[in-house]
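1. 3D, please:
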Amino acid sequence: QKREMDASLRAANLTAQALLSEAAVSREALKGKEDDLEASRAEAASVREQLRAYEAQVEKLGSEKSQLSLQLAALLDEKHALIEELSSEKESAANLLDTTEVTRAAGESSSH
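-> Predicted coordinates:
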């Protein structure tokens with residue numbers, strides 16, 4: 001009966017050692033998964049930070065685009081005003097030229 005007990009104890013001891021080894025392997029696997037999870041969290045935080053930086057950059061570019069659109073509109077207004085001014089000056093010059101020609105013609109005809 002003592003032999004049976006010893007054999008039973010040895011079998012229980014071997015089973016316990018196998019279970020402990022299995023638990024150690026499972027613990028190591030869990031530790032690896034925890035490390036992977038921590039690395040994934042750090043990567044996600046980095047990506048979120050990059051996204052915030054990109055969003056800020058997009059907002060800044062949108063603001064710059066608005067300012068440039070306003071500047072362009074002002075330049076176009078100035079261009080149209082200059083075109084009108086030049087057109088008016090051209091018309092005045094043409095009128096002056098016509099008047100000069102009429103005056104010269106009148107002067108020449110009166111001297112004959």
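
2. quick check: mean pLDDT across whichever helix or strand A94 is part of?
-> Using DSSP states H and E, A94 maps to helix 2-111. When pLDDT is averaged over helix 2-111, the result is 95.

3. From the chain's centroid, how far away is that helix?
-> Put simply, helix 2-111 sits 0 Å off its chain's centre (Cα atoms, centre = their mean, to the nearest Å).

4. elements contacting it?
-> With contacts taken as 3 or more Cβ pairs under 8 Å, 6 or more residues apart in numbering; DSSP states H and E, helix 2-111 sits against no other helix or strand. (Glycine included, C-beta is placed from N, CA and C.)

5. Mind exporting the C-alpha coordinates of stretch 89-106 to CSV?
-> Extracted C-alpha coordinates of stretch 89-106, given in CSV (Å, rounded to 0.1, in the frame of the first residue of the first chain):
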residue,chain,number,x,y,z
GLU,A,89,-6.0,107.9,-70.8
LYS,A,90,-5.9,106.2,-74.2
GLU,A,91,-9.2,107.7,-75.1
SER,A,92,-8.1,111.1,-73.9
ALA,A,93,-4.9,110.8,-75.9
ALA,A,94,-6.9,109.8,-79.0
ASN,A,95,-9.2,112.8,-78.5
LEU,A,96,-6.2,115.1,-78.1
LEU,A,97,-4.6,113.7,-81.2
ASP,A,98,-7.9,114.2,-83.1
THR,A,99,-8.1,117.8,-81.8
THR,A,100,-4.4,118.4,-82.8
GLU,A,101,-5.0,117.1,-86.3
VAL,A,102,-8.2,119.2,-86.7
THR,A,103,-6.3,122.3,-85.4
ARG,A,104,-3.3,121.6,-87.7
ALA,A,105,-5.6,121.1,-90.7
ALA,A,106,-7.5,124.2,-89.8
